[in-house]
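K.L.:
Pasting a predicted model and its sequence here:
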Amino acid sequence: CNTTNAQTLFAVHVMKISNVLSCSFSSWYNTFKYVTFKSIIIPLPDELVTYLHTDELVLPEGSLCGLYSKSKNMAMDGDDDDEDIRDDELMKNYEADWSTTCSTKTAQAPAFEEFDETVNTAIATLGGKVFPKLNWSSPKDANWISFDRTLMCTCPSEVYLLLKSSEFIAHDLDQPFIHCGDYNSDDITVSSPVSYDLVLRRWQSLDPST
């Protein structure tokens, strides 16, 4: 009897694809937007989803200026002018090395000019600093690759860098329904592509210990 009850309870509470889809940011944000941080949802074009799927960590053309600006702003907050100069020189050398790498035949940099413009507009609307995520997950495991070790982004290149470096984002893209009880990889209707969104949330400096 206990075994039967346990099996019934498990069957009732097993996660389904519809539950996962209901947890997608765009499914609940309009209902709760008055009690959470202001956010902007941007549909991801197919070519950008394909780019995020690739293994190569090559940032889109014209995106390095954002990385340099962020590092420079961080340096300007310090008191040591000599350290500022060293940081500026380091970033210039980094840009030169990266540009050389991206110009080779084995590392072709993509370009998403129209999408970049949309992202820049959204970032400006949200105050110039944002926190990125996709439908479900944020790239919280990729903060190590950020210059300031946070998920704060001020331009598209920083968003791309975090998304490309995250295992959580890879899971969202590759197998979001893998733990669902009604998931069947052979079922075309179940494994069909998800409509992915880039979610940009207004940056808030929160104390993780509170």
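P.N.:
Perfect, thanks for sending it.
K.L.:
Which parts of the chain are strands?
P.N.:
Ranges of strands in the chain, per DSSP state E, are 39-43, 130-133, 197-202.
K.L.:
So which of these is nearest D172?
P.N.:
Among these, strand 130-133 comes nearest to D172, with 8.9 Å by CB to CB. In this view, the C-beta of every residue, glycine as well, is placed from N, C-alpha and C.
K.L.:
before we move on, back to that, pick the most buried one from the strands of the chain.
P.N.:
Of the strands of the chain, the one with the most neighbours on average (mean count of other CB atoms under 10 Å) is strand 130-133, at a mean of 25.
K.L.:
I would like the residues contacting that one, please.
P.N.:
Contacts with strand 130-133, where a contact means CB atoms under 8 Å, 6 or more residues apart in numbering, come from 25, 37, 122-123, 138-139, 151-154, 159, 162-163, 198-204.
K.L.:
Tabulate the strands of the chain (JSON lines), appending distance to F168 and mean pLDDT.
P.N.:
Below are those laid out as JSON lines (distance: least, CB to CB, whole Å; pLDDT from 0 to 100):
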{"stretch": "strand 39-43", "distance to F168": "18", "mean pLDDT": "98"}
{"stretch": "strand 130-133", "distance to F168": "9", "mean pLDDT": "96"}
{"stretch": "strand 197-202", "distance to F168": "13", "mean pLDDT": "97"}
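K.L.:
returning to what we had before: report the buried members of the contacts of strand 130-133.
P.N.:
Buried members of these, counted by 16 or more other CB atoms under 10 Å: 25, 122-123, 138-139, 151-154, 159, 162-163, 198-203.
K.L.:
Can you tell me which of the residues you listed end up in helices?
P.N.:
By the criterion of DSSP state H, membership of these in helices covers 25, 122-123, 159, 162-163.
K.L.:
Please save the CA atoms from stretch 150-159 in CSV.
P.N.:
Once non-C-alpha atoms are left out, stretch 150-159 reads as follows in CSV (Å, rounded to 0.1, in the frame of the first residue of the first chain):
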residue,chain,number,x,y,z
THR,A,150,30.2,40.0,-11.6
LEU,A,151,27.4,39.5,-14.1
MET,A,152,27.0,43.2,-14.8
CYS,A,153,27.0,44.1,-18.5
THR,A,154,27.2,47.5,-20.2
CYS,A,155,27.3,46.4,-23.8
PRO,A,156,26.5,43.4,-26.1
SER,A,157,30.0,42.0,-26.1
GLU,A,158,29.9,41.4,-22.3
VAL,A,159,26.5,39.7,-22.7
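K.L.:
Now do the same for that stretch: mean pLDDT, whole number.
P.N.:
Averaging pLDDT along stretch 150-159 yields 94.
K.L.:
Could you check how far D172 is from T121?
P.N.:
According to CB to CB, to the nearest Å, D172 and T121 sit 24 Å apart.
K.L.:
Same question for I42.
P.N.:
According to CB to CB, I42 stands 10 Å off from T121.
K.L.:
In contact with the spatially closest residue to F25 that is not a sequence neighbour, which residues are there?
P.N.:
Distances taken as CB to CB, 6 or more residues apart in numbering put V199 closest to F25, at 4.9 Å, once the chain neighbours are dropped. By CB under 8 Å, 6+ apart, the contact set of V199 is 25-26, 39-42, 132-135.
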